[in-house]
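just a sequence and a predicted model for now, questions to come.
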Amino acid sequence: MVERLREFPLPSSTDLEKIGRDNRINIFRKYFAILRFNRLLIQLTLIRSIFDQNAIIKLSDLEDHQRNEFFSLIKRIQELNYYEEFVFAAKEEEKALEHIIEAYCKRMNINE
């Protein structure tokens, strides 16, 4: 099983400029898929910390790395002037996450 977080290689500014808006948004969608995958790995590490005390340290490192990479990427996207496209993809991801949470709430019979 994969034990380390997936990295997101942001294409160069030249490549981003060449590919156009729709393809940039697809790249940002891929980023959010990687982000979600990494959050699952972090959750798995949290569960493993029940059985393995070393996982607690690893958990903190993974969370810090994920958070730092996230804000670093946002800063870079702002510098490249693609923030609006990134926000567009982020809003799609927000809706997808809301649907997942709603499904869990229904499944667990949680009323909000």
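Happy to help now that I have it. From a predicted model like this one, the values you see are computed outputs, not experimental measurements. Residues are numbered from 1 along each chain as shown.

C-alpha from now on. contacts and neighbour counts both.
OK.

measure residue 72 to residue 59 for me?
According to CA to CA, to the nearest Å, residue 72 and residue 59 sit 20 Å apart.

likewise residue 39?
Per CA to CA, residue 39 is found 11 Å from residue 59.

go on, residue 74?
Between residue 74 and residue 59 the computed distance is 23 Å (CA to CA).

try residue 89
27 Å.

how about residue 16?
As judged by CA to CA, residue 16 and residue 59 stand 33 Å apart.

neighbour count for those two, which is higher?
With neighbours defined as other CA atoms under 10 Å, residue 16 and residue 59 compare such that residue 59 has more, 20 against 16.

quick one, what contacts that one?
Residues near residue 59 by CA atoms under 8 Å, 6 or more residues apart in numbering: 42, 45, 46.

what pLDDT does the residue nearest the centre of the chain get?
In the chain, the residue lying closest to the centroid (CA atoms, centre = their mean) is residue 35, at 1.9 Å. Per-residue pLDDT puts residue 35 at 96.

from the contact counts, what lies against the helix or strand hosting residue 103?
Secondary-structure assignment from DSSP states H and E places residue 103 in helix 83-107. Under the contact definition 3 or more CA pairs under 8 Å, 6 or more residues apart in numbering; DSSP states H and E, helix 83-107 sits against helix 21-48, helix 54-79.

same list (these) but as JSON lines, adding distance to residue 101.
Listed next are the helices and strands packed on helix 83-107 as JSON lines, based on distance: least, CA to CA, whole Å:
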{"stretch": "helix 21-48", "distance to residue 101": "13"}
{"stretch": "helix 54-79", "distance to residue 101": "21"}
